[in-house]
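Engineer: Prediction below, plus the sequence it came from.
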Amino acid sequence: MLSRVAENLYWYGRYLERAEDLGRLINVNGHLMLDLPRKMAPGWAPLIRITGSQALFDEIFDDNGERQVVRFLLAEPRHSGSVLSCLNLARENLRAARDLLPREVWEQTNDLCLTAQAQLAGNLSKRRRQEFIDLMIRRCQQLIGMLADIMSHDYAWDFILLGRYHERADMTSRILDVRSAHLLRGLDDIKPFDQLQWMSVLKSLTAYQMYRRHVRLRVRGPDVLRFLLGNPLFPRSVAFCLVAMAERLESLPEHEDTLVAVGRLKRLLDQADPDTLIQGQLSEFLDRIQLELIGVGELITQTWFRVQPSE
């Protein structure tokens, strides 16, 4: 497989996952704004911080209200991380590697992009926004299910999943970082709504039902962190994503350095104590996780996507 084709497949997986996660995040934030008192609601600005695009947002918009933030995250063409941009980029990456995937996958990806362009044009009412996000999430899941069912599980499949789980681990850590900052300030007026907001963290990752199944306790900060960081059975926990990445890496040639980096990050998670982190070290710990993930991404790029000149 050519290195550029492997890179296209890796980013196809990442962009599909990013679009899906952003949609979930917008949905849950809208519900949280309705559940909390006005003075307690976190607003829409945290969603911009989760995506790491504050500077660009400030260049385009003067206000961080719901309409501006949702437009930026869903349909802003100047934002490469918007849902519309992610779907377009996923399609373009797939176009370059379409010969390796079933034709139906290309057709469905292309149709999803055209649907997004049509539905995100013009003003977005809350109802239209909800309908589009629900449709987009289902279609992204259908695409991955189609790939799992009718595509050969060879190197091409490995790179798609490698990108998907890398993106998912990064998004989980970002959501925990930004959401928990509001919860851990120690303000007395936050305490009555503490459980509701930790529930929103779980729902942002579609993790609430599985949390209740595995933990069987009321929703508490340390238990939520333990579940989303280290649960080995839940597919959106950081630990699960790292194990899945390691499995894909073992199938690829010259994987040693990248596999060591993923293993180092997994040990960091295993050694973490959520009860201690929640007392004030959580943000620093999550920053370290994100830096380690960036390092893993750089190793993936250097190993398989950048052809080294021969001596």
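Structural biologist: Here it is on my side, so go on.

Engineer: Endpoint to endpoint, stretch 84-103 covers what distance?
Structural biologist: End-to-end distance of stretch 84-103 (CA to CA, to the nearest Å): 22 Å.

Engineer: low-scoring stretches of the stretch 201-311 of the chain, by residue?
Structural biologist: Counting by pLDDT under 70, the ranges of the stretch 201-311 of the chain that qualify are 307-311.

Engineer: Mind doing that once more with 90?
Structural biologist: Low-confidence segments of the stretch 201-311 of the chain (pLDDT under 90): 201, 203-205, 216-222, 274-283, 306-311.

Engineer: Of all residues in the protein, which one is nearest the centre?
Structural biologist: Nearest residue to the geometric centre of the chain (CA atoms, centre = their mean): residue 171, 3.4 Å.

Engineer: How much space separates that residue from residue 260?
Structural biologist: Between residue 171 and residue 260 the computed distance is 24 Å (CB to CB, to the nearest Å). For glycine as for every other residue, the C-beta is placed from the backbone atoms N, C-alpha and C.

Engineer: Show me what the helix or strand that contains residue 160 is packed up against.
Structural biologist: Assigning secondary structure by DSSP states H and E places residue 160 in helix 155-183. Helix 155-183 sits against helix 3-35, helix 45-51, helix 126-150, helix 194-204, helix 221-230, helix 238-250, helix 282-300, with contacts defined as 3 or more CB pairs under 8 Å, 6 or more residues apart in numbering; DSSP states H and E.

Engineer: which stretch among those comes nearest residue 108?
Structural biologist: Among the helices and strands packed on helix 155-183, the nearest to residue 108 by CB to CB is helix 126-150 (5.7 Å).

Engineer: So what's the model's average confidence on that closest one?
Structural biologist: Averaged over helix 126-150, pLDDT sits at 92.

Engineer: So which residues make contact with it?
Structural biologist: 16-17, 19-20, 23-24, 26-27, 30, 70, 74, 83, 87, 101-102, 104-105, 108-109, 112, 115-116, 119-120, 124, 157, 160, 164 (CB atoms under 8 Å, 6 or more residues apart in numbering).

Engineer: Please indicate which of the residues you listed are buried?
Structural biologist: Among the contacts of helix 126-150, those buried by neighbour count (16 or more other CB atoms under 10 Å) are 16-17, 19-20, 23-24, 26-27, 30, 70, 74, 83, 87, 101, 105, 108-109, 112, 116, 119-120, 124, 157, 160, 164.

Engineer: Could you export the helices and strands packed on helix 155-183 as JSON lines, including distance to residue 273?
Structural biologist: As requested, the helices and strands packed on helix 155-183 are arranged in JSON lines below (distance: least, CB to CB, whole Å):
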{"stretch": "helix 3-35", "distance to residue 273": "27"}
{"stretch": "helix 45-51", "distance to residue 273": "25"}
{"stretch": "helix 126-150", "distance to residue 273": "34"}
{"stretch": "helix 194-204", "distance to residue 273": "18"}
{"stretch": "helix 221-230", "distance to residue 273": "9"}
{"stretch": "helix 238-250", "distance to residue 273": "15"}
{"stretch": "helix 282-300", "distance to residue 273": "10"}
